[in-house]
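Chemist: give the three-dimensional model of this entry:
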Amino acid sequence: MKRWQRILVLVSSFVGLLLIWISLALYFDISKALNETERLFGDQYLVLNKRVSVFGALGMGRSGFSIEEIKSVEDLKGVTDVGEFVSNRFRANAIADFGDMGPLLKTELFFESVPDRFLDTKPAGWKWRPTDPDVPIIVPSDYLALYNFGFAPGQDLPQISESVAKMSAFKISIETPTGPQIFNARIGGFSDRINTILAPLSFLEYANEQFGLGQREAPQRIIVASDDISALEKLMGEKGYETSEEKMQMGKEKLIAQRILSIGLILGFFIVILSLGSFLQMTDLLIARSDQEIRTLGYLGYTYSQLSKKIFTQIIRVIAISFLLAFLGGIVLRWKLSAFLAVLVGEQNVIPSSLAIVILFAILLSYAALVYWNILRQTKRMLA
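Modeler: Okay, here's the model as predicted:
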């Protein structure tokens, strides 16, 4: 193979590997920047509710979701799952008794629940039964942040970590015609996905059945899992549904990032496959041009495996150079774009995720293994 041909193979391999390297590194950067419980290539979770009308504000009816409306959301393109919120139909209070360490704290409380498949965290004992000693509660992470950085400084109170909060216990007092019913409770976890106080669905169904007032109403909110929010956004505009604007914007950004990275990965793998074919063709030409020398060495007692190693040594240098250039090129590019990446995904190291490096070297090993196998096959057939 002529020199310019080797350079062309080297450049094509470098470009393909660089695209894959950059796409992988950016994927892991964005995944790290997102919430720990969310994935870049995964469903986006949105909580929908209807706008409160004037009549609703005056207490003349509630705006729940009918079965037909929920079905219309389920049938949307990109929607993978829909779940209903179940609310408490009883009055409840949270009571914390600190004994000699502080005053008795009491506040009204509400609960909601969703099917377990929508949760981003499941505390121990979440499958609640009436015989369980306590009820685990999931609290939004924002509540703890509001306390630590809003309420606590103004009241000269200590800040609380998640681990300390999970150690605290309180009681749930449910009002009934025969007197309060008391349940022990604890904070079992914190949710970044759902911004409400969550109780186990089994507990809420039990308490509603035993102490609930009135019949179960249509769900006031639904949670939607979607891998493409475009159709959902259009329906929301038509029907007047509302959701968190921040989460909606995050969903759009995730969709854009998914498409850009998917294009980069697909294009990179396509170029890499073409360059791999070029490497295989290079070995075929090299062996064909060295036909006489290989046969002569075979007559002198060299085995096909020994000859394959010598030929492979020449090819692996070109492969190693292309991988090294792609690796260094990606590092330099990250360094040059560090300011942009800091805005996009937060402060990042110049060296990408270790998993991205592992995948890149796995591709290198696959390259080397296929090329070596091809050389071994060709020399073995030649000396047979």
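
Chemist: just to be sure, Met138 is in a helix?
Modeler: Slight slip there: residue 138 is Ile, not Met. No: using DSSP: H, G, I helix; E, B strand; the rest coil, the secondary structure at Ile138 is strand, not a helix.

Chemist: tell me the bridge partners for it.
Modeler: On the basis of DSSP bridges, Ile138 is bridged to Gly189, Leu198.

Chemist: how long is stretch 136-147 end to end?
Modeler: End-to-end distance for stretch 136-147: 20 Å, by C-alpha to C-alpha, to the nearest Å.

Chemist: what's the answer for stretch 138-151, then?
Modeler: 20 Å.

Chemist: can you check stretch 164-183 too?
Modeler: One end of stretch 164-183 sits 21 Å from the other (C-alpha to C-alpha).

Chemist: which positions within that stretch qualify as buried?
Modeler: Buried positions in stretch 164-183, judged by neighbour count with 16 or more other C-beta atoms under 10 Å: Ala165, Lys166, Phe170, Lys171, Ile172, Ser173, Ile174, Phe183. All C-beta atoms are positioned from the backbone trio N, CA, C, and that covers glycine.

Chemist: also stretch 278-296?
Modeler: Those buried within stretch 278-296 under the rule 16+ other C-beta under 10 Å are Ser278, Phe279, Leu280, Met282, Thr283, Ile287, Ser290, Ile294.

Chemist: quick one: Met248 and Ser226 touch, right?
Modeler: No: at 10.7 Å, Met248 and Ser226 do not qualify as touching, with contact defined as C-beta atoms under 8 Å.

Chemist: neighbour count for these two, which is higher?
Modeler: Ser226 (23 against 17; other C-beta atoms under 10 Å).

Chemist: one step back: narrow the buried residues of stretch 164-183 to those in helices?
Modeler: Of the positions in those, Ala165, Lys166 sit in helices, assigned by DSSP state H.

Chemist: how about a markdown table for the buried residues of stretch 164-183, with pLDDT added?
Modeler: Output for those, formatted as a markdown table (pLDDT from 0 to 100):
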| residue | pLDDT |
| --- | --- |
| Ala165 | 82 |
| Lys166 | 84 |
| Phe170 | 87 |
| Lys171 | 90 |
| Ile172 | 91 |
| Ser173 | 91 |
| Ile174 | 90 |
| Phe183 | 92 |
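
Chemist: now the buried residues of stretch 278-296 in JSON lines, with secondary structure?
Modeler: Putting these into JSON lines (three-state DSSP) gives the following:
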{"residue": "Ser278", "secondary structure": "helix"}
{"residue": "Phe279", "secondary structure": "helix"}
{"residue": "Leu280", "secondary structure": "helix"}
{"residue": "Met282", "secondary structure": "helix"}
{"residue": "Thr283", "secondary structure": "helix"}
{"residue": "Ile287", "secondary structure": "helix"}
{"residue": "Ser290", "secondary structure": "coil"}
{"residue": "Ile294", "secondary structure": "helix"}
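
Chemist: list the helices and strands the host helix or strand of Ala225 packs on?
Modeler: Ala225 belongs to strand 221-226 when assigned by DSSP states H and E. Contact here means 3 or more C-beta pairs under 8 Å, 6 or more residues apart in numbering; DSSP states H and E; on that basis strand 221-226 packs against strand 44-50, helix 67-74, strand 79-84.

Chemist: neighbouring contacts of it?
Modeler: By C-beta atoms under 8 Å, 6 or more residues apart in numbering, the residues outside strand 221-226 that reach it are 43-49, 65, 70, 73, 76, 78-85, 112, 114, 118, 194, 232, 251.

Chemist: from the residues you listed, list the buried ones, please.
Modeler: 43-49, 65, 70, 73, 76, 78-79, 82-85, 112, 114, 118, 194, 232, 251.

Chemist: how about the host helix or strand of Phe327: buried residues?
Modeler: Following DSSP H and E, one finds Phe327 within helix 304-336. Buried positions in helix 304-336, judged by neighbour count with 16+ other C-beta under 10 Å: 304, 307-308, 311-312, 315-316, 318-319, 322-323, 325-327, 329-330, 334.

Chemist: one more: stretch 233-242?
Modeler: Buried positions in stretch 233-242, judged by neighbour count with 16+ other C-beta under 10 Å: Glu233, Leu235, Met236, Tyr241.

Chemist: residues contacting Pro115?
Modeler: For Pro115, the contact set (C-beta under 8 Å, 6+ apart) comprises Gly83, Glu84, Leu201.
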